[in-house]
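sequence-free structure coming up:
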């Protein structure tokens, strides 16, 4: 028989182990001691009120969506620069970028048979237009690329519906990006893709479609999960389902836009850059609050709070609100091109483009020693509720410069279960974002960026 | 100091009391004993599979919305009659009713200032049209009728937005029904009403608007909670908010429709009627699955299962799928007119028009003795998870005949928190309804209706 006192002994042993571990961790992170006070001040200031949420509301309420090439985006950029100057940020500037100008136009889809009924849909970003009046065809429902390959004879002249239930973004988005190409290769005249997100309230999710060079582009739209399932059930029941699709997407001439840049110049090593930001453009259906207004605001907050608290780190902290992340990545590429010569001077890059829904995580990509240091730095934000820094950071906008300069990169990642409910939908509004989630993200980012910008040794590659 | 054995004594006393109460209840409900077996068979058959959900899916998937006067409604009625005949129901018939034919037409709304942006909206059912191109006006935001009265000078020439957060349907729907009249009385040119429902995903809820005779009708639309709050925040921040509203609602000539009636003729007292049903029409934005396809299906199931199990109660069980509940109540009134002479022969009426979301409740309105008997009968469905029958039953469609005949009435009421999320929205689809909730509703209704139709004495008034 096991001794009844066994569990008690085990508990004592565990406590000793934990105490030793805590001591070891404290020893290991003693290098952080000079930064604890300012990091705490930044986190306290960030979480003291809902300033960041209100700024996000001002951005998303006033200008709404900020699709590349839209007047709303131009005005939002001007507003951001003015507000940054009022915050006292330095070297506030717009770095011009020409961006594509895709126009959604009027669009609709309906079930024609077995009975006329509107489909909840959104044309995919970049879709070509249908002929005036739309196209009408029988529907072929498939659940995967594999199923389509097996039934490619049935796809000719039809509208293919990819009805893949949402599992995670990475897996499911492949139908949105690649479905049109695969369907076109099989001879389809149009493609519908089940919205990439959990079942909402008849919610369609837009996003880019990628046409291949090896098949003619065909009109492409997202439909709500409910509509996709409805069509699938009708077909499974042996009903003849015919659909009309009308989309009007088209490109106009490239438009002027800009990356918004602002800095706090480093007090000792101004040429070493700690880069952070989000993207100021958005899709055209919601108000771009979560994707990615909030990413702009919470990174901007780091600089505003440093300025407010009189904290000037050793290195330059550079905020960039990139343009055209959603449908071109022109802003990110322009940034990398413009700063190619100083790519190696980028010490660290942080992107917030996955929302701030709690529980959020911090992900990091860098060398072994940088990862260890970043785990130490991450311990500073544990009081906010963050777990240890996860492996894997980066982002679409910091990607090009990070690749050019082999820059250690971090991602701030909100709870994907909530993020993808409203992602690329009309419901991407400030209403769905909690003020405390915005404040907490700003607090964590400010503390981490401050330490990386101020620590004596540059974060190793 | 209280005795430590106090709680134990209390528990013993409580157990004795409960045992006595159970015995008393068992004595009181012994009259039910002859019905327990058939009630159990009905409940078992109802919950044995997902037949009812699949029938609901067939109805809502195939025909979609069933707005009064639409071809979809006519086809759904024909489908229901055919299916009822196949089920072996008796006296299946369409009782003609002329219904209004309101057409939504094309509609939109947008914020014009401070920046152009689409508003998620639905014209209210019965709204008049705006002039071609819509109306454009500054917005006056109010939270209540009272606030509007205090600011009626500010309403002239404006579009009034009622931004009353959803509390419960009864309180909040008053703005949808009466907002246009109040705004018109104050000189407004149009009215927007915050959607009557919890915050969804930029979800607008339609439903009828009632114009008064004392003020000219003005265009009326529901807007999503997010849009209402956005406009309210902008106004509160001192921004000038201008909105364009374009609705195209209009009436065409009344159309032919019908109440669908089917029966199981009573074996002893065929002239005594136990009435039950839901409404076959719906609003034109979802597929009318919850409001009220499911009410039709779960009441229909009671008759189908009796037929299947060879149960023929003493009295006639009459199923009615009423037409035009949503925007006219012509079906309910036609039924009451047609059966005026036999109103007093209606023994009981049950309506299911509040969804079947779990937890559901049963509500009853009747005299003291009927209430006591109904509480007994309700104990039969306790194994399904139902609590005691609540006070307060009835429904819009059974209302006129119940009033004419002073008929004891019951309502099947699904969880309102879930029901009103999709009520009158595009998301009213079968996707949002769980098969087990449909089966359970059918089971409870079948058991209760069977007992009321078969018990020796007629349920007293």
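Thanks, I have the structure now. Computed from a prediction, not measured in an experiment: that's the story for all the values here.

and the stretch 351-461 of chain A, which residues reach chain B?
For the stretch 351-461 of chain A, the residues in contact with chain B under the definition C-beta under 8 Å from any C-beta of the partner chain are A:421-422, A:425-427, A:429-432. C-beta coordinates here come from the backbone N, C-alpha and C atoms, glycine included.

Close to chain B: what parts of chain A are there?
Taking C-beta under 8 Å from any C-beta as the measure of proximity, chain A contacts chain B at A:57-58, A:61-65, A:71-72, A:75, A:111, A:114-117, A:120, A:199-203, A:225-226, A:229-230, A:233-234, A:237, A:239, A:286-287, A:421-422, A:425-427, A:429-432.

can you do 7 Å?
Counting by C-beta under 7 Å from any C-beta of the partner chain, chain A comes close to chain B at A:57, A:61-65, A:72, A:75, A:114-115, A:117, A:120, A:199-203, A:226, A:229-230, A:233-234, A:239, A:422, A:425-427, A:429, A:431.

Please check the residues you listed and keep the buried ones.
Judged by neighbour count, with 16 or more other C-beta atoms under 10 Å in any protein chain shown as the criterion, the buried members of the residues of chain A next to chain B are A:57, A:61-65, A:72, A:114-115, A:117, A:120, A:199-203, A:226, A:229-230, A:233-234, A:239, A:422, A:425-427, A:429, A:431.

can you tell me the helix or strand for the residue nearest the centre of chain A?
Nearest to the centroid of the C-alpha atoms of chain A, with distances taken as C-alpha atoms, centre = their mean, sits residue A:353, at 3.0 Å. Residue A:353 belongs to strand A:346-354 when elements are defined using DSSP states H and E.

Let me know whether my guess that residue A:84 is in a helix holds.
Yes - membership of residue A:84 in a helix is supported by DSSP: H, G, I helix; E, B strand; the rest coil.

what sits against it?
Neighbour list for residue A:84: A:92, A:262 [criterion: C-beta atoms under 7 Å, 6 or more residues apart in numbering or on different chains].

which ones among the residues of chain A next to chain B are found in helices?
With DSSP state H as the criterion, helices contain A:57, A:61-63, A:72, A:75, A:226, A:229-230, A:233-234, A:422 from among the residues of chain A next to chain B.

and of those residues, the nearest to residue B:340?
Ranking those by separation from residue B:340, with C-beta to C-beta as the measure, puts residue A:230 on top at 41.0 Å.

Leaving out sequence neighbours, find the closest residue to the closest one.
Spatially, and ignoring its direct neighbours in sequence, residue A:230 is nearest to residue B:61 (4.9 Å; C-beta to C-beta, 6 or more residues apart in numbering or on different chains).

which ones are touching that neighbour?
Residue B:61 makes contacts with A:230, A:233-234, B:430, as judged by C-beta under 7 Å, 6+ apart.

From residue A:122, how far off is it?
Residue B:61 sits 22 Å away from residue A:122, going by C-beta to C-beta, to the nearest Å.

Can you show me the strands along the stretch 101-250 of chain A?
If DSSP state E, counting those that start in this stretch is used as the criterion, the strands of the stretch 101-250 of chain A fall at A:108-113, A:117-118, A:121-123, A:135-142, A:159-162, A:190-194, A:220-223, A:242-246, A:250-264.

hang on, the earlier thing: I'd like the ones in helices among the residues of chain A next to chain B laid out as a markdown table, including pLDDT and distance to residue B:336.
Supplementary listing: those in a markdown table, determined by pLDDT from 0 to 100; distance: C-beta to C-beta, whole Å:
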| residue | pLDDT | distance to residue B:336 |
| --- | --- | --- |
| A:57 | 98 | 51 |
| A:61 | 98 | 50 |
| A:62 | 98 | 54 |
| A:63 | 98 | 55 |
| A:72 | 97 | 55 |
| A:75 | 98 | 59 |
| A:226 | 98 | 36 |
| A:229 | 98 | 39 |
| A:230 | 98 | 35 |
| A:233 | 98 | 37 |
| A:234 | 98 | 37 |
| A:422 | 98 | 46 |
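
Return the member of the contacts of residue B:61 nearest to residue A:251.
Proximity of these to residue A:251 was ranked by C-beta to C-beta; the top entry is residue A:230 with 32.4 Å.

ok, the closest one to residue A:179 distance?
Distance of residue A:230 to residue A:179, given as C-beta to C-beta: 19 Å.

ditto for residue A:63
From residue A:63 across to residue A:179, the span is 32 Å (C-beta to C-beta).

do the same with residue A:302
Between residue A:302 and residue A:179 the distance, using C-beta to C-beta, works out to 39 Å.

ok but residue A:311 is inside a helix, no?
No - the assignment for residue A:311 by three-state DSSP gives coil, which leaves it out of any helix.

who's in contact with it?
Residues counted as contacts of residue A:311 (C-beta under 7 Å, 6+ apart) are A:38, A:450.

Show the backbone phi and psi for it.
phi -100, psi 120 (degrees, to the nearest 10).

same thing with the one 10 residues further on?
The phi and psi values for residue A:321, taken as degrees, to the nearest 10, are phi -100, psi 100.

I'd say it and residue A:296 touch.
Yes - using C-beta atoms under 7 Å, residue A:321 is in contact with residue A:296, at 4.8 Å.

Around residue A:118, count how many other residues there are.
Burial of residue A:118 is recorded as 17 neighbouring residues (other C-beta atoms under 10 Å in any protein chain shown).

now swap in residue A:456 and tell me
Neighbours of residue A:456 (other C-beta under 10 Å): 8.

What pLDDT is listed against it?
Looking at residue A:456, its pLDDT is 95.

Spatially nearest residue to it, not counting backbone neighbours?
The spatially closest residue to residue A:456, leaving aside those adjacent along the chain, is residue A:314, at 7.6 Å (C-beta to C-beta, 6+ apart).

Residue A:116 now?
Once flanking residues are discounted, residue A:116 sits nearest to residue A:110: 6.0 Å by C-beta to C-beta, 6+ apart.
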